[in-house]
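**Q** Pasted the sequence and its predicted model underneath.
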Amino acid sequence: QVQLVESGGGLVQAGGSLRLSCTASGRTFSRYAVAWFRQAPGKEREFAAGISWSSRIYYSDSVKGRFTISRDNAKNTVYLQMNSLKPEDTAVYFCAARALLVVTTPYPWDLWGQGTQVTVSS
């Protein structure tokens, strides 16, 4: 069973940057798609970025041009580089994994990390 652990969240000023990491343990996840979802207080969990097993990449319109997702299969890790952060990016960020392909809704994702808080101050 694959387990996902996120790290890298924190408090940053608007315009700043953070890099989140999602590391899988238990087995290799080179055949998995991995995505980052986020959930702000009182809001539904929303898709931010995803990368398929073949490294096809998807972004939501709200993060496109500011966030970059990448994967290092040798390290069983997926990264989310977040630049030009805005207060509206404040949320708990979750990584999720599923076989092969990215979908932009949360329900088909089988595996979830515990989440990491990102807070962007104005």
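**A** Good, I have the coordinates. Numbers count the residues shown, from 1 in each chain.

**Q** which residues touch the helix or strand where residue 98 lies?
**A** Using DSSP states H and E, residue 98 sits in strand 91-99. By CB atoms under 8 Å, 6 or more residues apart in numbering, the surrounding residues in contact with strand 91-99 are 2, 4, 6, 9, 20, 22, 24, 29, 31-40, 43, 45, 48, 53, 78, 80, 106, 108-118. Any C-beta I mention is one placed from the backbone N, CA and C, and that applies to glycine too.

**Q** I'd like to know which of the residues you listed are buried.
**A** 4, 6, 9, 20, 22, 24, 29, 32-38, 45, 48, 53, 78, 80, 106, 109, 111-113, 115-116, 118 (16 or more other CB atoms under 10 Å).

**Q** Next, the angle strand 91-99 makes with the helix or strand containing residue 79.
**A** Using DSSP H and E, residue 79 falls within strand 77-82. Strand 77-82 and strand 91-99 are oriented at 140 degrees to each other (axes from the mean of the first three to the mean of the last three CA atoms, to 10 degrees).

**Q** Residue 1 and residue 26 touch, don't they?
**A** Yes: taking CB atoms under 8 Å as the definition, residue 1 is a contact partner of residue 26 at 5.3 Å.
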